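[1] Everything below, folded, please.
(one chain, ligands or ions: 1)
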Amino acid sequence: MSPERYQRIREVLEKRQTDLTVCLENVHKPHNVSAVVRTCDAVGIHRVHTVWEKQYQFRRGTAMGSQQWVRQTNHMNIADAMTDLKGQGMQVLVTNLSETAVDFRDIDYTKPTAILFGQEKYGATDEAKALADQDIVIPMMGMVQSLNVSVAAALVLYEAQRQRTIAGMYSTQHLAEEECQALAFENGYPRLFKLCQRKGLALPPINELGEIAADDSWWQDMQITQAEANALEA
Ligand code: SAM
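    Reported below is the predicted structural model:
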């Protein structure tokens, strides 16, 4: 990885907002999921929560590579997701097309926040609505009742981004240094990362130039020299 690429990666990761997240409840169309993940990356979300009965990985396509930079936690049911999010001290907002829901612009997104988006056809479940702290709605003035879920996510997340920018929340690093380095290694040295995983080895440190700064024993365990590694990733 070149020093310039490492610098670019660092700039992005240093803006990650670890206390802002999205929860996708049964949102199942791959292009919608990918579009939401892409917006999450764009506003600096580090981790997206999903509630899917089966664990699927984020896909390429519409995500345009953003899926490699946004972590995922899947929950088997909404109760588990809520316990996790509330356990992290987050206010959980559920997007809900109801008359009693609050306009999404009237929320304080500088607080630790999780925003839940519901399934494309049926919306959020009653259980999700009951467990959430607050319903929010994007006002609709037209003939159609709702927006596409990825469009709704973009609107709410950019309001959160706007408020957090004003509050200076993108100026300090929130992501743990270890996690920054893990993401940089995973994406900057993809072949070595796979090899490292296959061998069950710890991820190596990365220096300020984006080079692997592992000790001799790590290279021995990897059974590869630094020169061979450079050739492999070139
Ligand atoms: N009939 C469903 C309902 O009543 O919820 C419509 C589902 S909508 C197409 C899919 C998801 O997009 C919703 O669960 C919500 O997350 C989001 N969404 C769409 N339009 C929205 C709006 N105007 N306000 C808030 N969320 C919206």
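[2] Quick one, grab the pLDDT at the most centrally placed residue in the chain.
    Residue closest to the mean C-alpha point of the chain, counted by CA atoms, centre = their mean, is Arg47 at 3.1 Å. Here the pLDDT value assigned to Arg47 is 97.
[3] for stretch 117-125, what is the average pLDDT?
    The model assigns stretch 117-125 a mean pLDDT of 96.
[4] So it, near the ligand or not?
    Yes. Judged by CB under 6 Å from any ligand atom, stretch 117-125 comes into contact with the ligand at Phe117, Gly118, Glu120, Tyr122, Gly123, Ala124. Where C-beta positions appear, they are placed from N, C-alpha and C, glycine not excepted.
[5] Return the members of those classed as buried.
    Phe117, Gly118, Gly123, Ala124 (16 or more other CB atoms under 10 Å).
[6] Next up, phi/psi of the second one, please.
    Put plainly, it is Gly118. For Gly118, the backbone dihedrals are phi -100, psi 170 (criterion: degrees, to the nearest 10).
[7] State whether it and Val22 are indeed in contact, as I suppose.
    No. In this structure, Gly118 is not within contact of Val22 by CB atoms under 8 Å, at 11.8 Å.
[8] rewinding a little: tally of neighbours for the closest residue to the residue nearest to the centre of the chain other than its chain neighbours?
    With sequence-adjacent residues excluded and distances taken as CB to CB, 6 or more residues apart in numbering, Arg47 is closest to Arg71, at 4.4 Å. Neighbour count of Arg71, defined by other CB atoms under 10 Å: 16.
[9] Look at Arg71 and report its pLDDT.
    Predicted confidence (pLDDT) for Arg71: 93.
[10] Going forward, the N-terminal residue is numbered 428.
    Sure, I'll start numbering at 428, so the last one becomes Arg498.
[11] how close does it get to the ligand?
    Arg498 sits at a distance of 21 Å from the ligand (criterion: CB to the nearest ligand atom, to the nearest Å).
[12] which residues touch that residue?
    The neighbours of Arg498, taking CB atoms under 8 Å, 6 or more residues apart in numbering as the test, are His473, Arg474, Val475.
[13] Let me see the contact set for the first one.
    Same thing as His473. Arg443, Gln444, Thr445, Thr448, Val497, Arg498, Leu602, Glu606.
[14] Return the distance of the nearest residue to it once chain neighbours are set aside relative to Asp643.
    Spatial nearest neighbour of His473, excluding adjacent residues (CB to CB, 6+ apart): Arg443 at 4.3 Å. Arg443 is 32 Å from Asp643, where distance means CB to CB, to the nearest Å.
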